[in-house]
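Engineer: Next one to model:
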Amino acid sequence: MQQVGSMTNQELKEALLQRCPVVCRGITYGRVSGIIYRAANGQIVVTAELMDKNGSSVTIAEPRNISKE
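Structural biologist: Residues are numbered from 1 along each chain as shown. Alright, predicted model coming up:
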């Protein structure tokens with residue numbers, strides 16, 4: 001699958017606050033509902049929580065796979 005875009009940490013924060021739709025791997029999600037920071041192997045790993053359009057479930061995705069709609 002072709003990668004459409006990649007979001008920086010700043011772009012993720014803006015999308016979170018703006019509650020705008022985002023696309024991940026060809027699927028459009030209603031909004032970024034959270035940003036997750038985890039420690040792994042001595043580094044910080046960032047992932048985003050994407051709320052589906054119905055508001056009933058979330059998907060955890062890497063920022064490199066997310067772009068604004």
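Engineer: which residues pair with the spatially most central residue of the chain across the strands?
Structural biologist: By CA atoms, centre = their mean, the chain has its centre lying nearest to A48, at 3.9 Å. Here A48 shows beta-bridge partners I35, A61, assigned using DSSP bridges.
Engineer: Wasn't C20 part of a helix?
Structural biologist: No - per DSSP: H, G, I helix; E, B strand; the rest coil, C20 lies outside any helix segment and is coil.
Engineer: quick one: contacts for it?
Structural biologist: By CB atoms under 8 Å, 6 or more residues apart in numbering, C20 lies in contact with R31, K68, E69. Placement of C-beta: from N, CA and C, glycine included.
Engineer: Which pLDDT does the model give it?
Structural biologist: At C20, the predicted lDDT confidence score is 96.
Engineer: and it, backbone torsions?
Structural biologist: phi -90, psi 150 (degrees, to the nearest 10).
Engineer: How about Q43?
Structural biologist: Here is the backbone geometry of Q43 (degrees, to the nearest 10): phi -130, psi 160.
Engineer: Ok, L16 next?
Structural biologist: According to degrees, to the nearest 10, L16 has phi -60, psi -50.
Engineer: quick revisit: could I have the buried ones of the contacts of C20 as ChimeraX selection syntax?
Structural biologist: A single ChimeraX command selects the buried members of the contacts of C20 (16 or more other CB atoms under 10 Å):
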select :31
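Engineer: Just the contacts of C20: which are in strands?
Structural biologist: Per DSSP state E, strands hold the following members of the contacts of C20: R31, K68.
Engineer: Between the contacts of C20, which sits nearest A61?
Structural biologist: Sorting the contacts of C20 by how near they are to A61, with CB to CB, puts R31 at the top with 12.7 Å.
Engineer: right, and the closest one touches V22 too?
Structural biologist: Yes - using CB atoms under 8 Å, R31 is in contact with V22, at 7.0 Å.
Engineer: Thank you kindly, that will do.
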